[in-house]
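Enquirer: Provided below for reference: sequence and predicted model.
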Amino acid sequence: MKVLLTHGYFIKEDLVEQKIMKPYPPLGILYLSSYLSQHGVDNKIFDSTFSSKEELKQYLLRERPEYIAIYINLMTKLNVLEIIRFLKSSNELKGSKIILGGPEVRYNSEDLLKHGADCVVIGEGEHTLLELVQTLDGKKTEDLSKVNGIGYINFDGVTFTPERSLISSLDDLPLPDRQGINIKDYQSAWKERHKQDAVSVSTMRGCPYTCRWCSRAVYGLSYRRRSPKKVVEELRIIKESYNPDSIWFVDDVFTVSHLWLNEFNEELKKHDVKINYECITRSDRMNEDVLRIMKESGCFRVWIGAESGSQKVIDAMDRRINVNQMREMIKLTKKKGIEAGTFIMLGYPGETEKDIEETIYHLKKSNPDHFTITVAYPIKGTEFYEEVEQIGEFQWDKQTDRERDFKRTYPRKYYNYAVQRVHSEFSYYKLKSENQSLSVPAIKFKIKSILAKARMQLVKAAAY
(Lines give C-alpha, C1' and ligand atoms only; values in the text may rest on other atoms or scores of the structure.)
Protein backbone atom coordinates (compact mmCIF):
# COMPACT_ATOMS: atom_id res chain seq x y z
CA MET A 1 0.00 0.00 0.00
CA LYS A 2 1.32 3.43 -0.92
CA VAL A 3 -0.75 5.74 1.31
CA LEU A 4 -2.93 4.91 4.30
CA LEU A 5 -5.38 7.63 5.36
CA THR A 6 -6.79 7.50 8.88
CA HIS A 7 -7.89 9.63 11.83
CA GLY A 8 -7.94 9.37 15.62
CA TYR A 9 -11.64 9.18 16.44
CA PHE A 10 -12.52 5.91 18.24
CA ILE A 11 -16.13 6.04 19.37
CA LYS A 12 -16.01 2.61 21.00
CA GLU A 13 -13.28 3.90 23.34
CA ASP A 14 -14.98 7.21 24.19
CA LEU A 15 -17.81 7.01 26.73
CA VAL A 16 -18.87 10.64 26.20
CA GLU A 17 -19.18 10.19 22.43
CA GLN A 18 -21.05 6.92 22.96
CA LYS A 19 -23.70 8.79 24.95
CA ILE A 20 -24.12 11.32 22.13
CA MET A 21 -23.81 8.72 19.34
CA LYS A 22 -23.91 11.07 16.37
CA PRO A 23 -20.89 9.94 14.34
CA TYR A 24 -20.21 11.33 10.89
CA PRO A 25 -17.80 9.96 8.27
CA PRO A 26 -14.39 11.73 8.13
CA LEU A 27 -15.14 13.86 5.06
CA GLY A 28 -11.67 15.41 5.03
CA ILE A 29 -9.81 12.16 4.41
CA LEU A 30 -12.55 10.95 2.05
CA TYR A 31 -11.80 13.98 -0.14
CA LEU A 32 -8.06 13.28 0.10
CA SER A 33 -8.58 9.65 -0.91
CA SER A 34 -10.60 10.61 -4.00
CA TYR A 35 -8.04 13.22 -5.00
CA LEU A 36 -5.09 10.84 -4.65
CA SER A 37 -6.94 8.15 -6.61
CA GLN A 38 -7.80 10.65 -9.34
CA HIS A 39 -4.05 11.25 -9.75
CA GLY A 40 -3.07 7.58 -9.76
CA VAL A 41 -1.79 7.31 -6.17
CA ASP A 42 -2.67 3.98 -4.53
CA ASN A 43 -4.36 4.60 -1.18
CA LYS A 44 -6.73 3.09 1.35
CA ILE A 45 -8.72 4.44 4.28
CA PHE A 46 -8.72 2.95 7.76
CA ASP A 47 -11.84 4.45 9.30
CA SER A 48 -11.19 4.30 13.04
CA THR A 49 -14.67 5.48 14.12
CA PHE A 50 -16.06 2.02 14.87
CA SER A 51 -12.70 0.40 15.41
CA SER A 52 -10.13 0.44 18.23
CA LYS A 53 -6.55 1.61 18.59
CA GLU A 54 -5.42 -2.00 18.84
CA GLU A 55 -7.19 -2.92 15.59
CA LEU A 56 -5.54 0.02 13.86
CA LYS A 57 -2.13 -1.02 15.16
CA GLN A 58 -2.59 -4.57 13.92
CA TYR A 59 -3.75 -3.28 10.53
CA LEU A 60 -0.67 -1.08 10.24
CA LEU A 61 1.64 -3.99 11.10
CA ARG A 62 -0.08 -6.18 8.52
CA GLU A 63 -0.24 -3.66 5.65
CA ARG A 64 2.96 -1.66 6.30
CA PRO A 65 2.01 1.40 4.21
CA GLU A 66 4.79 3.60 2.88
CA TYR A 67 3.00 6.77 3.99
CA ILE A 68 0.60 7.08 6.91
CA ALA A 69 -1.46 10.28 6.62
CA ILE A 70 -3.41 11.06 9.79
CA TYR A 71 -6.08 13.73 10.26
CA ILE A 72 -5.75 15.40 13.67
CA ASN A 73 -8.02 17.83 15.46
CA LEU A 74 -8.42 19.15 18.99
CA MET A 75 -10.56 16.20 20.09
CA THR A 76 -8.35 13.46 18.62
CA LYS A 77 -4.89 14.88 19.39
CA LEU A 78 -4.05 12.57 22.30
CA ASN A 79 -5.13 9.47 20.35
CA VAL A 80 -3.01 10.53 17.37
CA LEU A 81 0.03 11.10 19.59
CA GLU A 82 -0.40 7.57 20.93
CA ILE A 83 -0.53 6.21 17.37
CA ILE A 84 2.66 8.12 16.50
CA ARG A 85 4.46 6.69 19.52
CA PHE A 86 3.45 3.20 18.44
CA LEU A 87 4.67 3.78 14.88
CA LYS A 88 8.01 5.12 16.08
CA SER A 89 8.53 2.20 18.46
CA SER A 90 7.73 -0.49 15.89
CA ASN A 91 10.67 -2.04 14.00
CA GLU A 92 8.30 -3.29 11.30
CA LEU A 93 7.07 0.24 10.56
CA LYS A 94 10.30 2.22 10.80
CA GLY A 95 10.28 2.82 7.06
CA SER A 96 6.80 4.36 7.05
CA LYS A 97 6.57 8.14 6.81
CA ILE A 98 4.08 9.85 9.16
CA ILE A 99 2.21 12.81 7.66
CA LEU A 100 -0.23 14.87 9.73
CA GLY A 101 -2.92 17.27 8.55
CA GLY A 102 -6.04 18.94 9.93
CA PRO A 103 -6.97 21.87 12.18
CA GLU A 104 -4.60 20.91 15.00
CA VAL A 105 -1.54 21.25 12.78
CA ARG A 106 -1.08 24.94 11.97
CA TYR A 107 -0.42 26.22 15.50
CA ASN A 108 1.14 23.04 16.90
CA SER A 109 3.45 22.07 14.03
CA GLU A 110 6.74 22.17 15.93
CA ASP A 111 5.36 20.08 18.81
CA LEU A 112 3.90 17.52 16.38
CA LEU A 113 7.16 17.23 14.46
CA LYS A 114 9.19 16.88 17.65
CA HIS A 115 6.79 14.15 18.80
CA GLY A 116 7.50 12.01 15.76
CA ALA A 117 5.67 13.30 12.70
CA ASP A 118 7.90 13.26 9.62
CA CYS A 119 5.94 16.00 7.91
CA VAL A 120 2.91 18.21 8.55
CA VAL A 121 0.51 19.57 5.95
CA ILE A 122 -0.62 23.08 6.87
CA GLY A 123 -3.97 24.26 5.53
CA GLU A 124 -5.95 22.71 2.69
CA GLY A 125 -4.65 19.22 2.01
CA GLU A 126 -5.43 17.88 -1.46
CA HIS A 127 -2.77 19.55 -3.62
CA THR A 128 -0.17 19.53 -0.86
CA LEU A 129 -0.49 15.86 0.07
CA LEU A 130 -0.34 14.75 -3.55
CA GLU A 131 2.77 16.82 -4.26
CA LEU A 132 4.37 15.74 -0.98
CA VAL A 133 3.88 12.02 -1.68
CA GLN A 134 5.13 12.42 -5.24
CA THR A 135 8.23 14.23 -3.98
CA LEU A 136 8.98 11.72 -1.23
CA ASP A 137 8.36 8.87 -3.63
CA GLY A 138 11.06 10.27 -5.87
CA LYS A 139 13.52 9.89 -2.97
CA LYS A 140 14.60 13.50 -3.48
CA THR A 141 14.28 14.82 0.05
CA GLU A 142 16.02 18.04 -0.87
CA ASP A 143 13.00 18.85 -3.03
CA LEU A 144 10.76 19.08 0.04
CA SER A 145 11.65 22.75 0.20
CA LYS A 146 9.77 23.19 -3.07
CA VAL A 147 6.52 21.76 -1.72
CA ASN A 148 4.42 24.66 -0.44
CA GLY A 149 2.31 24.31 2.70
CA ILE A 150 4.39 21.84 4.73
CA GLY A 151 6.65 21.64 7.76
CA TYR A 152 9.42 19.12 8.43
CA ILE A 153 12.68 18.68 10.31
CA ASN A 154 16.01 18.84 8.50
CA PHE A 155 19.61 19.46 9.55
CA ASP A 156 18.79 23.09 10.36
CA GLY A 157 15.86 22.17 12.61
CA VAL A 158 12.16 22.70 11.92
CA THR A 159 11.55 24.12 8.44
CA PHE A 160 8.35 25.55 6.99
CA THR A 161 7.73 26.20 3.32
CA PRO A 162 5.61 29.09 1.99
CA GLU A 163 1.81 28.98 2.43
CA ARG A 164 -0.02 27.21 -0.38
CA SER A 165 -2.78 29.05 -2.23
CA LEU A 166 -6.30 27.78 -1.61
CA ILE A 167 -8.07 25.79 -4.31
CA SER A 168 -9.93 28.37 -6.40
CA SER A 169 -12.64 26.09 -7.82
CA LEU A 170 -14.04 23.44 -5.48
CA ASP A 171 -16.00 22.00 -8.41
CA ASP A 172 -12.69 20.64 -9.71
CA LEU A 173 -12.41 18.28 -6.74
CA PRO A 174 -13.78 14.75 -7.09
CA LEU A 175 -16.58 13.68 -4.76
CA PRO A 176 -15.45 12.25 -1.40
CA ASP A 177 -14.68 8.54 -1.46
CA ARG A 178 -17.63 7.26 0.58
CA GLN A 179 -17.14 3.82 -0.95
CA GLY A 180 -13.78 3.65 0.81
CA ILE A 181 -15.51 3.20 4.16
CA ASN A 182 -18.65 1.47 5.42
CA ILE A 183 -21.33 4.19 5.49
CA LYS A 184 -23.85 1.58 6.65
CA ASP A 185 -22.08 1.44 10.04
CA TYR A 186 -22.86 5.10 10.54
CA GLN A 187 -26.44 4.71 9.42
CA SER A 188 -26.96 1.77 11.76
CA ALA A 189 -25.51 3.67 14.74
CA TRP A 190 -27.88 6.57 14.07
CA LYS A 191 -30.90 4.32 13.54
CA GLU A 192 -30.33 2.39 16.76
CA ARG A 193 -30.00 5.51 18.90
CA HIS A 194 -32.02 8.19 17.12
CA LYS A 195 -34.48 6.20 14.96
CA GLN A 196 -33.29 7.97 11.80
CA ASP A 197 -29.93 8.33 10.10
CA ALA A 198 -27.99 11.13 8.45
CA VAL A 199 -25.22 11.50 5.87
CA SER A 200 -22.92 14.53 5.96
CA VAL A 201 -22.21 16.78 2.95
CA SER A 202 -19.94 19.79 2.50
CA THR A 203 -20.92 22.53 0.04
CA MET A 204 -18.40 25.19 1.09
CA ARG A 205 -15.00 25.75 2.69
CA GLY A 206 -14.09 28.55 5.04
CA CYS A 207 -16.12 31.23 6.79
CA PRO A 208 -16.05 34.98 6.08
CA TYR A 209 -16.92 35.96 9.66
CA THR A 210 -14.58 36.94 12.49
CA CYS A 211 -15.82 35.33 15.72
CA ARG A 212 -12.87 35.60 18.10
CA TRP A 213 -13.23 32.11 19.62
CA CYS A 214 -13.45 30.26 16.30
CA SER A 215 -10.44 28.54 14.71
CA ARG A 216 -9.66 29.21 11.05
CA ALA A 217 -6.58 26.99 11.01
CA VAL A 218 -7.33 25.12 7.75
CA TYR A 219 -9.18 27.44 5.35
CA GLY A 220 -8.46 30.84 6.88
CA LEU A 221 -10.86 33.75 6.53
CA SER A 222 -12.24 32.57 3.19
CA TYR A 223 -15.48 31.62 1.49
CA ARG A 224 -15.48 29.24 -1.47
CA ARG A 225 -18.41 27.15 -2.60
CA ARG A 226 -19.25 24.32 -4.93
CA SER A 227 -21.88 25.09 -7.55
CA PRO A 228 -25.47 24.10 -6.75
CA LYS A 229 -25.36 21.76 -9.76
CA LYS A 230 -22.41 19.80 -8.32
CA VAL A 231 -23.99 19.62 -4.87
CA VAL A 232 -27.31 18.33 -6.19
CA GLU A 233 -25.44 15.77 -8.31
CA GLU A 234 -23.77 14.50 -5.12
CA LEU A 235 -27.10 14.43 -3.27
CA ARG A 236 -28.66 12.39 -6.06
CA ILE A 237 -25.84 9.82 -5.80
CA ILE A 238 -26.20 9.69 -2.00
CA LYS A 239 -29.94 9.11 -2.30
CA GLU A 240 -29.44 6.29 -4.81
CA SER A 241 -26.57 4.67 -2.87
CA TYR A 242 -27.63 5.05 0.77
CA ASN A 243 -31.14 6.56 0.87
CA PRO A 244 -30.57 8.33 4.23
CA ASP A 245 -33.39 9.86 6.23
CA SER A 246 -31.61 13.22 6.28
CA ILE A 247 -28.60 15.19 5.11
CA TRP A 248 -26.36 17.12 7.49
CA PHE A 249 -24.68 20.07 5.78
CA VAL A 250 -21.44 20.65 7.67
CA ASP A 251 -20.98 24.22 6.36
CA ASP A 252 -20.37 26.98 8.91
CA VAL A 253 -23.00 29.35 7.45
CA PHE A 254 -25.29 27.52 5.02
CA THR A 255 -27.34 30.59 4.04
CA VAL A 256 -24.39 32.99 3.67
CA SER A 257 -25.28 33.46 -0.04
CA HIS A 258 -28.97 33.95 -0.78
CA LEU A 259 -28.28 33.70 -4.51
CA TRP A 260 -26.60 30.30 -4.05
CA LEU A 261 -29.47 29.09 -1.85
CA ASN A 262 -32.07 30.02 -4.44
CA GLU A 263 -30.09 28.34 -7.25
CA PHE A 264 -29.68 25.26 -5.06
CA ASN A 265 -33.44 25.07 -4.54
CA GLU A 266 -34.11 25.45 -8.27
CA GLU A 267 -31.54 22.75 -9.07
CA LEU A 268 -33.21 20.34 -6.64
CA LYS A 269 -36.56 20.92 -8.36
CA LYS A 270 -35.05 20.65 -11.83
CA HIS A 271 -33.65 17.18 -11.10
CA ASP A 272 -36.54 16.11 -8.84
CA VAL A 273 -34.19 15.46 -5.92
CA LYS A 274 -36.07 15.51 -2.62
CA ILE A 275 -34.14 15.65 0.63
CA ASN A 276 -34.61 16.45 4.31
CA TYR A 277 -31.70 18.41 5.66
CA GLU A 278 -30.25 20.09 8.73
CA CYS A 279 -27.78 22.99 8.68
CA ILE A 280 -26.11 25.82 10.63
CA THR A 281 -26.35 29.53 9.92
CA ARG A 282 -26.41 33.04 11.36
CA SER A 283 -29.53 35.04 12.13
CA ASP A 284 -28.33 38.00 10.05
CA ARG A 285 -28.21 35.75 6.96
CA MET A 286 -31.87 34.79 7.36
CA ASN A 287 -35.18 36.46 6.60
CA GLU A 288 -38.69 35.42 5.67
CA ASP A 289 -37.81 34.74 2.04
CA VAL A 290 -34.74 32.70 3.01
CA LEU A 291 -36.85 30.60 5.35
CA ARG A 292 -39.38 30.01 2.57
CA ILE A 293 -36.62 28.72 0.27
CA MET A 294 -35.13 26.58 3.05
CA LYS A 295 -38.48 24.99 3.81
CA GLU A 296 -39.16 24.42 0.12
CA SER A 297 -35.76 22.81 -0.43
CA GLY A 298 -36.22 20.34 2.44
CA CYS A 299 -34.78 21.99 5.57
CA PHE A 300 -36.38 20.51 8.68
CA ARG A 301 -33.97 21.94 11.27
CA VAL A 302 -31.60 24.90 11.34
CA TRP A 303 -29.08 25.74 14.06
CA ILE A 304 -28.79 29.48 14.56
CA GLY A 305 -25.61 30.54 16.33
CA ALA A 306 -26.27 32.64 19.43
CA GLU A 307 -23.54 31.87 22.01
CA SER A 308 -25.03 34.36 24.47
CA GLY A 309 -28.19 36.31 25.23
CA SER A 310 -26.11 39.29 26.30
CA GLN A 311 -25.32 41.88 23.64
CA LYS A 312 -22.21 42.84 25.61
CA VAL A 313 -20.80 39.32 25.37
CA ILE A 314 -21.81 38.93 21.72
CA ASP A 315 -19.96 42.15 20.91
CA ALA A 316 -16.90 40.97 22.85
CA MET A 317 -16.92 37.84 20.68
CA ASP A 318 -17.07 40.02 17.54
CA ARG A 319 -20.16 38.11 16.43
CA ARG A 320 -21.60 41.19 14.68
CA ILE A 321 -25.22 40.26 15.28
CA ASN A 322 -28.06 41.82 17.25
CA VAL A 323 -29.50 39.76 20.09
CA ASN A 324 -33.07 40.99 19.50
CA GLN A 325 -32.91 40.14 15.78
CA MET A 326 -31.52 36.73 16.72
CA ARG A 327 -34.47 36.03 19.02
CA GLU A 328 -36.97 37.11 16.42
CA MET A 329 -35.36 34.89 13.78
CA ILE A 330 -35.52 31.82 16.05
CA LYS A 331 -39.23 32.50 16.61
CA LEU A 332 -39.87 33.12 12.91
CA THR A 333 -38.07 29.89 11.99
CA LYS A 334 -40.43 27.90 14.21
CA LYS A 335 -43.42 29.80 12.86
CA LYS A 336 -42.44 28.75 9.32
CA GLY A 337 -42.46 25.07 10.31
CA ILE A 338 -38.69 24.52 10.67
CA GLU A 339 -37.17 23.33 13.94
CA ALA A 340 -34.82 25.87 15.49
CA GLY A 341 -31.70 24.95 17.42
CA THR A 342 -29.14 27.25 19.00
CA PHE A 343 -25.73 27.15 20.68
CA ILE A 344 -24.88 28.70 24.05
CA MET A 345 -21.36 29.37 25.34
CA LEU A 346 -20.80 30.35 28.97
CA GLY A 347 -17.67 31.72 30.61
CA TYR A 348 -16.41 33.98 27.83
CA PRO A 349 -14.00 36.69 29.10
CA GLY A 350 -15.87 39.49 30.83
CA GLU A 351 -19.13 37.57 31.22
CA THR A 352 -20.87 38.31 34.52
CA GLU A 353 -23.75 36.72 36.39
CA LYS A 354 -26.04 39.37 34.88
CA ASP A 355 -24.99 38.22 31.38
CA ILE A 356 -25.81 34.61 32.27
CA GLU A 357 -29.26 35.65 33.45
CA GLU A 358 -29.72 37.53 30.17
CA THR A 359 -28.90 34.30 28.35
CA ILE A 360 -31.63 32.48 30.30
CA TYR A 361 -34.01 35.32 29.39
CA HIS A 362 -32.95 35.00 25.75
CA LEU A 363 -33.71 31.26 25.71
CA LYS A 364 -37.13 31.79 27.29
CA LYS A 365 -38.05 34.57 24.88
CA SER A 366 -36.87 32.76 21.72
CA ASN A 367 -37.82 29.25 22.97
CA PRO A 368 -35.72 27.16 20.53
CA ASP A 369 -36.62 23.52 19.96
CA HIS A 370 -33.04 22.42 20.69
CA PHE A 371 -29.99 23.95 22.35
CA THR A 372 -26.50 22.97 23.44
CA ILE A 373 -24.30 24.55 26.13
CA THR A 374 -20.52 24.60 26.41
CA VAL A 375 -18.05 26.39 28.66
CA ALA A 376 -15.68 28.61 26.67
CA TYR A 377 -12.08 27.49 26.25
CA PRO A 378 -9.33 29.20 24.23
CA ILE A 379 -8.13 27.39 21.11
CA LYS A 380 -4.54 28.15 20.17
CA GLY A 381 -4.34 30.48 17.18
CA THR A 382 -7.61 32.33 17.88
CA GLU A 383 -7.99 35.95 18.99
CA PHE A 384 -9.66 34.60 22.15
CA TYR A 385 -6.50 32.64 22.96
CA GLU A 386 -4.30 35.69 22.45
CA GLU A 387 -6.35 37.98 24.69
CA VAL A 388 -6.67 35.86 27.84
CA GLU A 389 -4.24 35.33 30.66
CA GLN A 390 -3.48 31.61 30.86
CA ILE A 391 -3.44 30.11 34.35
CA GLY A 392 -2.33 26.73 35.59
CA GLU A 393 0.16 24.32 34.07
CA PHE A 394 -0.68 22.96 30.60
CA GLN A 395 0.95 19.75 29.34
CA TRP A 396 0.58 19.83 25.56
CA ASP A 397 1.11 16.09 25.02
CA LYS A 398 -1.23 15.06 27.84
CA GLN A 399 -4.05 17.61 27.58
CA THR A 400 -6.25 19.15 24.90
CA ASP A 401 -7.20 22.81 24.50
CA ARG A 402 -10.48 22.02 26.26
CA GLU A 403 -8.42 21.72 29.45
CA ARG A 404 -6.64 25.07 29.10
CA ASP A 405 -7.85 27.48 31.74
CA PHE A 406 -7.61 31.23 31.92
CA LYS A 407 -8.41 34.06 34.29
CA ARG A 408 -12.21 34.19 34.23
CA THR A 409 -14.70 36.51 35.92
CA TYR A 410 -15.49 33.69 38.34
CA PRO A 411 -13.76 30.36 39.15
CA ARG A 412 -14.07 27.54 36.59
CA LYS A 413 -16.30 25.53 38.93
CA TYR A 414 -18.81 28.39 38.93
CA TYR A 415 -19.48 27.82 35.23
CA ASN A 416 -20.09 24.10 35.73
CA TYR A 417 -22.97 25.08 37.99
CA ALA A 418 -23.97 27.84 35.57
CA VAL A 419 -24.42 25.22 32.84
CA GLN A 420 -26.71 23.27 35.17
CA ARG A 421 -28.58 26.48 36.03
CA VAL A 422 -29.21 27.48 32.41
CA HIS A 423 -30.16 23.98 31.31
CA SER A 424 -32.48 23.31 34.25
CA GLU A 425 -34.16 26.73 34.26
CA PHE A 426 -34.92 26.63 30.54
CA SER A 427 -36.05 22.99 30.71
CA TYR A 428 -38.43 23.97 33.53
CA TYR A 429 -39.78 26.86 31.47
CA LYS A 430 -40.22 24.68 28.38
CA LEU A 431 -42.09 21.91 30.20
CA LYS A 432 -44.31 24.41 31.99
CA SER A 433 -45.12 26.21 28.72
CA GLU A 434 -45.90 23.03 26.83
CA ASN A 435 -48.11 21.56 29.54
CA GLN A 436 -49.65 24.88 30.61
CA SER A 437 -49.25 23.67 34.19
CA LEU A 438 -46.67 22.43 36.64
CA SER A 439 -45.70 18.77 36.27
CA VAL A 440 -43.41 16.60 38.38
CA PRO A 441 -40.57 16.75 35.79
CA ALA A 442 -40.94 20.55 35.59
CA ILE A 443 -40.76 20.89 39.38
CA LYS A 444 -37.63 18.70 39.45
CA PHE A 445 -35.94 20.96 36.90
CA LYS A 446 -36.90 24.04 38.94
CA ILE A 447 -35.35 22.54 42.07
CA LYS A 448 -32.18 21.74 40.13
CA SER A 449 -32.10 25.30 38.83
CA ILE A 450 -32.42 26.78 42.35
CA LEU A 451 -29.72 24.47 43.72
CA ALA A 452 -27.36 25.28 40.85
CA LYS A 453 -27.83 29.01 41.42
CA ALA A 454 -27.13 28.59 45.14
CA ARG A 455 -23.94 26.67 44.36
CA MET A 456 -22.86 29.39 41.94
CA GLN A 457 -23.20 31.91 44.79
CA LEU A 458 -21.24 29.70 47.20
CA VAL A 459 -18.36 29.29 44.74
CA LYS A 460 -18.31 33.04 44.08
CA ALA A 461 -18.38 33.85 47.81
CA ALA A 462 -15.55 31.43 48.55
CA ALA A 463 -13.42 33.03 45.83
CA TYR A 464 -13.91 36.56 47.06
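Expert: Yep, that arrived. Computed from a prediction, not measured in an experiment: that's the story for all the values here. Numbers count the residues shown, from 1 in each chain.

Enquirer: helices and strands of this structure: which one bottoms out on pLDDT?
Expert: strand 390-391 (a mean of 87; mean pLDDT, DSSP states H and E).

Enquirer: Show me what that strand is packed against.
Expert: Contact analysis of strand 390-391 by 3 or more Cβ pairs under 8 Å, 6 or more residues apart in numbering; DSSP states H and E lists strand 405-406 as its packing neighbours. C-beta: built from backbone N, CA, C; applies to glycine.

Enquirer: Name the strands paired with the strand it packs on and say parallel or antiparallel.
Expert: strand 390-391 (antiparallel) (DSSP bridges).

Enquirer: contacting residues around the partner strand?
Expert: The contact list for strand 390-391 (Cβ atoms under 8 Å, 6 or more residues apart in numbering) reads 378, 404, 405, 406, 407.

Enquirer: one more time with 10 Å
Expert: 378, 404, 405, 406, 407, 408, 412 (Cβ atoms under 10 Å, 6 or more residues apart in numbering).

Enquirer: So residue 448 sits against residue 419, correct?
Expert: No - assessed by Cβ atoms under 10 Å, residue 448 is found out of contact with residue 419, at 11.4 Å.

Enquirer: And the helices in the stretch 101-250 of the chain?
Expert: Secondary structure of the stretch 101-250 of the chain (DSSP state H, counting those that start in this stretch): helices at 109-114, 126-137, 183-194, 228-242.

Enquirer: Distance check, the residue most central in space within the chain against residue 335.
Expert: With distances taken as Cα atoms, centre = their mean, the residue of the chain nearest its centroid is residue 250 (8.0 Å). Separation of residue 250 from residue 335 (Cβ to Cβ, to the nearest Å) stands at 27 Å.

Enquirer: again, but for residue 44
Expert: 49 Å.

Enquirer: Comparing these two, which residue is more hemmed in?
Expert: Between residue 44 and residue 335, counted using other Cβ atoms under 10 Å, the more crowded position is residue 44 (16 against 11).

Enquirer: which element follows the strand or helix carrying that one toward the C-terminus?
Expert: Assessed by DSSP states H and E, residue 44 sits inside strand 43-46. As assigned by DSSP H and E, the chain's next helix or strand after strand 43-46 is helix 53-63.

Enquirer: neighbouring strands for the helix or strand following that following helix, and are they parallel or not?
Expert: Using DSSP H and E, the helix or strand that follows helix 53-63 towards the C-terminus is strand 67-71. Under the criterion DSSP bridges, strand 67-71 sits next to strand 3-7 (parallel), strand 97-101 (parallel) in its sheet.

Enquirer: Local confidence estimate at residue 141?
Expert: Residue 141 is assigned 54 on the pLDDT scale.

Enquirer: Revised request: answer the last question for residue 289.
Expert: Residue 289 is assigned a predicted lDDT (pLDDT) of 98.

Enquirer: List the buried residues for the one helix or strand it maps to?
Expert: Following DSSP H and E, one finds residue 289 within helix 288-297. Under the neighbour-count criterion of 16 or more other Cβ atoms under 10 Å, helix 288-297 has 290, 291, 293, 294, 295, 297 buried.

Enquirer: Same question for stretch 437-446.
Expert: Buried-residue list, stretch 437-446, by 16+ other Cβ under 10 Å: 442, 445, 446.

Enquirer: can you redo the residues you listed as JSON lines with secondary structure and pLDDT?
Expert: Listed next are those as JSON lines, based on DSSP: H, G, I helix; E, B strand; the rest coil; pLDDT from 0 to 100:
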{"residue": "442", "secondary structure": "helix", "pLDDT": "93"}
{"residue": "445", "secondary structure": "helix", "pLDDT": "96"}
{"residue": "446", "secondary structure": "helix", "pLDDT": "96"}
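
Enquirer: ok, so of those, who is nearest residue 427?
Expert: Of all the buried residues of stretch 437-446, residue 427 sits closest to residue 445, with 4.5 Å by Cβ to Cβ.

Enquirer: pretty sure the closest one is in contact with residue 431, am I right?
Expert: Yes - counting by Cβ under 10 Å, residue 445 touches residue 431, with 6.6 Å between them.

Enquirer: Would you mind listing the residues touching both of these two?
Expert: With Cβ under 10 Å, 6+ apart, residue 445 and residue 431 have common neighbours residue 439.

Enquirer: before we move on, the earlier item: what about the helix holding residue 289, distance to the chain center?
Expert: In terms of Cα atoms, centre = their mean, to the nearest Å, the centre of helix 288-297 is found 25 Å from the chain centre.

Enquirer: contacting residues around that helix?
Expert: Residues from elsewhere that reach helix 288-297, judged by Cβ under 10 Å, 6+ apart: 254-255, 258, 261-262, 264-269, 273-275, 277, 279, 281, 286, 299-300, 302, 329, 332-333, 335-338.

Enquirer: and the closest residue to residue 21 other than its chain neighbours, what does it touch?
Expert: Computed as Cβ to Cβ, 6 or more residues apart in numbering, the closest residue to residue 21 that is not its neighbour in sequence is residue 193, at 4.2 Å. Contact partners of residue 193, counting by Cβ under 10 Å, 6+ apart, are 18, 19, 20, 21, 22, 23.

Enquirer: Just give me the neighbour total for the third one.
Expert: Pointing back at residue 20 there. With other Cβ under 10 Å as criterion, residue 20 counts 10.

Enquirer: Return the residues in contact with residue 23.
Expert: With contacts defined as Cβ under 10 Å, 6+ apart, residue 23 is in contact with 9, 11, 17, 47, 49-50, 185-186, 189-190, 193, 198, 200.

Enquirer: Sweet, I'm off.
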